[in-house]
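S.K.: When you get a sec, could you give me coordinates for this:
(chains A and B)
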There are 2 protein chains.
Amino acid sequence: MTPPTQERAQRTREALLWAAAEEFDAHGYAGAGITRILKRAGVTAGALYFHFGSKQGLADAVVAAQARTIVPRIGSDGLQRLVDITLVWAWQLQSDPLLRAGVRLAVEQGGQGGQDPSSFHSWKVLMEECLHAADRRGELREGVDPERVATFVVGACTGVQLYGQLRNGRKDLAEQVVHMWQLLLPGVAAPGKLARFDLDVRRGMGG
Amino acid sequence: MTPPTQERAQRTREALLWAAAEEFDAHGYAGAGITRILKRAGVTAGALYFHFGSKQGLADAVVAAQARTIVPRIGSDGLQRLVDITLVWAWQLQSDPLLRAGVRLAVEQGGQGGQDPSSFHSWKVLMEECLHAADRRGELREGVDPERVATFVVGACTGVQLYGQLRNGRKDLAEQVVHMWQLLLPGVAAPGKLARFDLDVRRGMGG
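M.R.: The predicted structure is shown next:
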């Protein structure tokens, strides 16, 4: 047996990741079937264990891959970048299997009294970077702590989409996120900079 | 067979409610065992079906009973009352089985793509009442909509406790809620009234 070329290995890995995301989104972690993932991806069990080690490894990789679907769409900086990340997320959550699986795996974990915050951590790090950049740009209100704001925004977005899922299948999630920023910006942004931020819901569309 | 006296029926109902809350908190909806609930409550299956109709009826009653454990502790009004409700909730969530079961049932539902928002609805109504009172007292910032703020706060609290559960078993949840209000109040409260609100974390203790 010849080793796979790097390109083919990459394609196999991607196929597994997307197939797993669709399966976790539809059935949750416990309900996801390895056999169905393999069939959907068109690969062998050997490939799954080669690339991800286990079902848990596959779930971890799905969670870690979320930010990848968001970040390349965004050209803004600082606080506007943070706003844009949450808006793109809100729109993409309607359709992107990686994001949908990521949020389902994270919420399941929390609901079951889990103890592993890694599913939230990559979001928090991403948001913290935006807030540190905002701080350097003088965009933050005095006394605002980037790490604490990032922690709050990750939690708030998680809960807003969860409640939105139950209220109306998340169909107004992007508007809810705009409203979150209308409420939050006066407490987060420096008063003199408030007017410069654009909360148009369409900022998160397309891409 | 003589019908139970009203007082005895009430005691039986309460015993079932608390036993169910402890069971739902520990095992979630799917994992909760009717037999264990009956044993814990010391009542018969007939009593359960007489009072609640079904396991789902019991879960609905647990969810509906949450606010009852919070409201009697609070003497404040308007926006301060809303802050106090969230602080009492944050402290009580450490130990009160009704609240713990309520939040677990709500999060499970959202995580599983459920469509029934009733587990969040009683909180939203309670918060909306505070915000309407705040509006009548001139405490709200211009343009702030009580219904939309209540919707956001219910979602945000849900997500903050979920992330807090994974980060550190919710041990700093009350501080996280205080921080939420530090960020939110400038966007919610009328500028001239901001200084009057007390965000001392101890407001939610004891009772």
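S.K.: Counting neighbours, what do you get for A:K171?
M.R.: By the criterion of other CB atoms under 10 Å in any protein chain shown, A:K171 has 11 neighbours. Every C-beta, even on glycine, is put in place using the N, C-alpha and C of the backbone.
S.K.: Let me see the contact set for it.
M.R.: The contact partners of A:K171, by CB atoms under 8 Å, 6 or more residues apart in numbering or on different chains, come to A:Q94, A:G164.
S.K.: Phi, psi for it please.
M.R.: Main-chain dihedrals, A:K171, degrees, to the nearest 10: phi -70, psi -20.
S.K.: quick one: the helices in chain A?
M.R.: All helices of chain A, identified by DSSP state H, fall at A:6-31, A:34-41, A:45-52, A:55-65, A:78-92, A:97-111, A:118-136, A:146-168, A:173-188.
S.K.: May I see the buried residues of the longest one?
M.R.: Neighbour counts using 16 or more other CB atoms under 10 Å in any protein chain shown place A:12-13, A:15-25, A:27-29 of helix A:6-31 among the buried residues.
S.K.: Among those residues, which ones lie close to chain B?
M.R.: Among the buried residues of helix A:6-31, the residues within reach of chain B (CB under 8 Å from any CB of the partner chain) are A:G28.
S.K.: Which of the buried residues of helix A:6-31 sits closest to B:P191?
M.R.: A:D25 (43.7 Å; CB to CB).
S.K.: Return the helix or strand in chain A with minimum mean pLDDT.
M.R.: helix A:97-111 (a mean of 84; mean pLDDT, DSSP states H and E).
S.K.: CA atoms only for it, dumped as CSV, please.
M.R.: Taking Å, rounded to 0.1, in the frame of the first residue of the first chain, the C-alpha atoms of helix A:97-111 are listed here in CSV:
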residue,chain,number,x,y,z
PRO,A,97,-22.9,22.5,8.8
LEU,A,98,-19.6,23.2,10.6
LEU,A,99,-21.1,26.0,12.5
ARG,A,100,-24.3,24.2,13.2
ALA,A,101,-22.5,21.1,14.4
GLY,A,102,-20.2,23.2,16.5
VAL,A,103,-23.0,25.0,18.3
ARG,A,104,-24.9,21.8,18.8
LEU,A,105,-21.9,19.9,20.3
ALA,A,106,-21.1,22.9,22.6
VAL,A,107,-24.7,23.2,23.9
GLU,A,108,-25.0,19.4,24.4
GLN,A,109,-21.9,19.4,26.4
GLY,A,110,-23.1,22.3,28.6
GLY,A,111,-26.6,20.8,29.0
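S.K.: Can you list the low-confidence ranges for chain A?
M.R.: Along chain A, the parts satisfying pLDDT under 70 run over A:1-4, A:110-115, A:206-207.
S.K.: Next, name the residue at the spatial heart of it.
M.R.: With distances taken as CA atoms, centre = their mean, A:Q66 lies nearest the centre of chain A, 4.6 Å away.
S.K.: if we can go back for a sec, give the other helices and strands that the least confident helix or strand of chain A contacts.
M.R.: helix A:6-31, helix A:55-65, helix A:118-136, helix A:146-168, helix B:97-111, helix B:146-168 (3 or more CB pairs under 8 Å, 6 or more residues apart in numbering or on different chains; DSSP states H and E).
S.K.: just to revisit the earlier point, what is the most widely separated pair among the buried residues of helix A:6-31?
M.R.: A:T12 and A:G28 (24.4 Å).
S.K.: What lies in contact with stretch A:88-97?
M.R.: Contacts of stretch A:88-97 (CB under 8 Å, 6+ apart): A:18, A:21-22, A:25, A:69-70, A:73-74, A:99-100, A:103, A:157, A:161, A:170-171, A:173-174, A:176-177, A:203-205, A:207.
S.K.: Narrow those residues to just the buried residues.
M.R.: So, by 16+ other CB under 10 Å, the buried ones in the contacts of stretch A:88-97 are A:18, A:21-22, A:25, A:69-70, A:73-74, A:99-100, A:103, A:157, A:161, A:170, A:173-174, A:176-177, A:203-204.
S.K.: Leaving out chain neighbours, which residue sits closest to A:P117?
M.R.: B:L166 (4.0 Å; CB to CB, 6 or more residues apart in numbering or on different chains).
S.K.: Next: A:G164.
M.R.: A:R170 is the one closest to A:G164 (CB to CB, 6+ apart), at 4.5 Å.
S.K.: what residues are up against that neighbour?
M.R.: Residues near A:R170 by CB under 8 Å, 6+ apart: A:L93, A:Q94, A:Q161, A:G164.
S.K.: residues contacting the last one?
M.R.: Contact partners of A:G164, counting by CB under 8 Å, 6+ apart, are A:R170, A:K171, A:D172, A:L173, A:Q176, B:G155.
S.K.: redo that, cut-off 10 Å
M.R.: A:90, A:93, A:170-177, B:110, B:117, B:151, B:155 (CB atoms under 10 Å, 6 or more residues apart in numbering or on different chains).
S.K.: From those, pick the one nearest B:T5.
M.R.: Closest to B:T5, out of all of those and judged by CB to CB, is B:P117, at 36.7 Å.
S.K.: how about the closest one, what does it touch?
M.R.: A:Y163, A:G164, A:Q165, A:L166, A:R167, A:N168, B:A106, B:Q109, B:G110, B:K124, B:V154.
S.K.: Compute the number of surrounding residues for the third one.
M.R.: When counting by other CB under 10 Å, one arrives at 24 neighbours for A:Q165.
S.K.: The fifth one now?
M.R.: The tally of other residues near A:R167 (other CB under 10 Å) stands at 20.
S.K.: Spatially nearest residue to it (excluding sequence neighbours)?
M.R.: Excluding the flanking residues, the one nearest A:R167 by CB to CB, 6+ apart is B:P117, at 4.8 Å.
S.K.: which phi and psi does that neighbour have?
M.R.: phi -80, psi 10.
S.K.: check contacts around the residue in chain A positioned nearest to chain B.
M.R.: Nearest residue of chain A to chain B, counting by CB to the nearest CB: A:G159, 2.5 Å away. Each residue near A:G159 by CB under 10 Å, 6+ apart is listed here: A:107, B:106-107, B:110, B:120, B:152-163.
S.K.: cool, A:V107 as well?
M.R.: A:28, A:119, A:158-159, A:161-162, A:165, B:107-112, B:158-159, B:162.
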